[in-house]
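Engineer: based on what follows, work out the 3D shape:
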Amino acid sequence: MDIIKAIILGIVQGLTEFLPVSSSGHLTIFQHVMGVDMEGNLFFNVMLHVGTLVSVCFVYYKLILRLIKAFFALIRDIFSGKFKWSQMDGDQNLLVMLVVGLLPLFLLFVPIPGSGGINGKDMAEIWQGNPKYFIVTGFALLATSIMLWVGIKALENSAGKTAHGSNLKSAGRRRLKTVDAVCVGLTQCFAAIFPGLSRSGSTLAMGELRGLNKQVSLDYTFVLGIPSIMAAALLEAKDAFEAQGTQDTLQISMPAMIAGMIAAMIVGFFAIKLFKWMLAKDRTGVFVVYTAVMGIAVIVISIIELSSGKNLFSGVPLIA
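Structural biologist: Residues are numbered from 1 along each chain as shown. The predicted model follows:
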């Protein structure tokens with residue numbers, strides 16, 4: 001992989017990791033179109049995740065510092081016997097709900113019944129790595145579009161029931177409940193399995209469906225993404241080190257790898273800012289249309305490729 005392709009993939013990762021359009025889906029699309037085999041560049045995937053992780057930490061550094069402070073305050077209250085679930089402040093509540101929201105991710109490592117020991121993580125790798133399953137990305141993008149639309153409608157209904165009328169900015173609860181975190185966590189788990197199902201989009205929509213304020217849902221989604229992205233990077237790093245035993249050299253140069261990581265970091269920072277602005281201005285409907293169009297396009301391309309048995313762009317036969 002040359003440096004230009006690395007930068008392009010870094011831009012795609014940074015932009016789509018946080019916008020509700022699915023980073024896994026778009027990386028699959030771009031890899032499919034450009035003919036890039038990411039299985040031979042696992043460590044590059046890790047570096048892209050590190051880039052996006054840095055960007056979200058930069059945007060939310062104040063909240064992260066508050067959560068660290070809340071953690072130590074929570075530990076102090078527990079050991080001093082002063083802790084009461086109903087009396088947690090906002091930051092302590094968010095911290096506990098982050099832990100609850102991460103628990104469903106362990107389901108990714110539970111074997112799927114009747115699959116012969118394949119778990120959710122394995123299924124995600126199969127669907128993302130085999131061009132014959134490119135159509136799955138298309139249907140998942142359509143599912144993202146539907147989820148976003150349902151979330152917007154749920155928020156509008158919530159606004160209509162408040163004293164503020166149609167003011168979407170103030171609509172919804174600002175404090176998370178345990179069931180909110182579980183629902184968002186389960187949604188994030190599904191998003192990790194299906195390439196094309198946006199993590200940020202689907203979890204935001206689930207928060208809105210649960211009646212949460214849209215900015216609270218977005219902040220929870222992005223902060224929840226920090227340990228999620230970190231876990232994904234660690235798992236890919238493990239796979240990369242294991243794969244290096246069968247590879248003499250990396251299939252990407254170090255300058256290209258660094259360029260891709262920096263591109264993902266810079267673009268990711270501005271993507272978060274852009275999405276927060278668009279959500280505040282109630283302009284997220286554009287993503288409903290975009291993911292629907294992209295999903296239909298991928299499905300059509302997949303049907304053509306499955307009929308011909310070849311990649312429409314490179315002409316390479318689809319692998320079994």
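Engineer: please tell me how far the most centrally placed residue in the chain sits from Gly81.
Structural biologist: Nearest residue to the geometric centre of the chain (C-alpha atoms, centre = their mean): Arg199, 3.3 Å. Remark: distance between Arg199 and Gly81 (C-beta to C-beta, to the nearest Å) = 38 Å. (C-beta placed from N, C-alpha, C; glycine too.)
Engineer: cool, and Val179?
Structural biologist: 27 Å.
Engineer: for these two, indicate the residue with more neighbours.
Structural biologist: Comparing Val179 with Gly81 by other C-beta atoms under 10 Å, the one with more neighbours is Val179, at 10 against 7.
Engineer: so what pLDDT did the more buried one get?
Structural biologist: Val179 carries a pLDDT value of 96.
Engineer: please report the distance of the residue lying closest to it once chain neighbours are set aside from Asp239.
Structural biologist: Residue nearest to Val179 in three dimensions, not counting chain neighbours: Arg210, with 7.4 Å by C-beta to C-beta, 6 or more residues apart in numbering. Per C-beta to C-beta, Arg210 is found 34 Å from Asp239.
Engineer: more crowded one of these two?
Structural biologist: Per other C-beta under 10 Å, whichever of Arg210 and Asp239 has more neighbours is Arg210, with 21 against 16.
Engineer: residue contacts, the more buried one?
Structural biologist: Applying C-beta atoms under 8 Å, 6 or more residues apart in numbering, we find Arg210 in contact with Lys177, Val179, Asp180, Cys183, Val184.
Engineer: pretty sure Cys189 sits against Gly120.
Structural biologist: Yes: with contact defined as C-beta atoms under 8 Å, Cys189 reaches Gly120; the gap is 7.1 Å.
Engineer: between these two, what contacts are shared?
Structural biologist: Leu107, Leu108.
Engineer: measure the residue nearest to Val179 to Met257 for me?
Structural biologist: For Arg210, the distance to Met257 - C-beta to C-beta - is 40 Å.
Engineer: can you list the weak-confidence ranges in the stretch 201-320 of the chain?
Structural biologist: Residue ranges of the stretch 201-320 of the chain with pLDDT under 70: 240, 243-251, 320.
Engineer: again, 50 this time
Structural biologist: 246-249 (pLDDT under 50).
Engineer: helices along that one, start to end?
Structural biologist: With DSSP state H, counting those that start in this stretch as the criterion, the stretch 201-320 of the chain has helices at 214-243, 254-280, 285-308.
Engineer: around Gly172, how many other residues sit close by?
Structural biologist: There are 21 residues near Gly172, going by other C-beta under 10 Å.
Engineer: who's in contact with it?
Structural biologist: Contacts of Gly172 by C-beta under 8 Å, 6+ apart are Leu155, Ser158, Ala159, Glu208, Gly211, Leu212, Asn213, Lys214, Val216, Ser217.
Engineer: from those residues, which is closest to Leu234?
Structural biologist: Ser217 (26.3 Å; C-beta to C-beta).
Engineer: contacting residues for that closest one?
Structural biologist: Applying C-beta under 8 Å, 6+ apart, the residues near Ser217 are Gly172, Thr203, Leu204, Gly207, Glu208.
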